[in-house]
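[1] Could you work out the structure for the sequence below:
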Amino acid sequence: MVTTNKNIDITEVRKLLGEVHDPEVPVLTILDLGIVRDIRVEGGLEIVITPTYSGCPAMDMIRQQIVTTLDQHGYGQVKVTTVLSPAWTTEWMSQEGKDKLKAYGIAPPNPLQQVCQIRPFHREEAVQCPHCGSYHTSLISEFGSTACKSLYKCMDCKEPFDYFKCH
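    All right, here's what the predicted structure looks like:
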């Protein structure tokens, strides 16, 4: 069924978009990530998204999931538009999304950019371990399981963990 502008319920569309999960971090929805920039109804339903990184490999799957989810609920002819400007920032993530990351074992982005107290002249960011809460952590690699994450290790509980990079 193809809808017309007068049949588009923005509240319902937003709720449905909240069911679309990031394929790389499945605990997060695209609303948690803040990549949904706009929902437009002029001339048909259009969802405007911004990738977390310009080369994010998950964007094709996210686009398809948006179209499929909305189509399954009667919103045919959905246009998904990708915009790169302004560039996505972790400030667009919801607090609920950051809380979900931590509960999932991924350190959420740290907007405070705290300086490590262990080595005060070393400008490495102090990242809190999502497992034990310690800030006694160390960067292992700038790249974790995906390009948007770094790999850290907690020096207290000895567990490795991903950190969702702040940008």
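[2] contacts and neighbour counts: CA atoms only from here.
    OK.
[3] Just give the number of residues close to residue 84.
    Per other CA atoms under 10 Å, the neighbour tally for residue 84 reads 12.
[4] same check, this time on the one 5 residues further on
    Other residues within reach of residue 89 by the criterion other CA under 10 Å amount to 17.
[5] got a list of what it touches?
    52, 166, 167 (CA atoms under 8 Å, 6 or more residues apart in numbering).
[6] how does it look with 10 Å?
    By CA atoms under 10 Å, 6 or more residues apart in numbering, the contact set of residue 89 is 33, 34, 35, 50, 51, 52, 53, 165, 166, 167.
[7] Out of these, the closest to residue 85 would be?
    residue 50 (7.9 Å; CA to CA).
[8] what residue ranges in this structure score low on pLDDT?
    Low-confidence segments of the chain, defined by pLDDT under 70: 1-6, 111-124.
[9] how close does the residue positioned nearest the centre of it sit to residue 107?
    In the chain, the residue lying closest to the centroid (CA atoms, centre = their mean) is residue 33, at 3.0 Å. Going from residue 33 to residue 107 by CA to CA, to the nearest Å gives 14 Å.
[10] Then residue 49?
    Computed as CA to CA, the residue 49 to residue 107 distance reads 24 Å.
[11] So for those two, which sits in the more crowded spot?
    Using other CA under 10 Å as the criterion, residue 49 and residue 107 rank with residue 107 on top: 27 against 22.
[12] wait, what's in contact with the residue nearest to residue 154 when sequence neighbours are not counted?
    Residue nearest to residue 154 in three dimensions, not counting chain neighbours: residue 137, with 4.3 Å by CA to CA, 6 or more residues apart in numbering. If you count contacts by CA under 10 Å, 6+ apart, residue 137 has them with 116, 118, 125-129, 152-161.
[13] By neighbour count, sort out the buried ones in those residues.
    116, 125, 126, 127, 128, 129, 152, 153, 154, 160, 161 (16 or more other CA atoms under 10 Å).
[14] neighbours around the residue lying closest to residue 157 once chain neighbours are set aside, how many?
    Distance criterion CA to CA, 6+ apart; nearest residue to residue 157, sequence neighbours excluded, is residue 132 at 6.7 Å. Counted by other CA under 10 Å, the residues lying close to residue 132 total 12.
[15] List just the nearest of the contacts of residue 89 to residue 99.
    For the contacts of residue 89, the nearest to residue 99 is residue 33 (11.7 Å; CA to CA).
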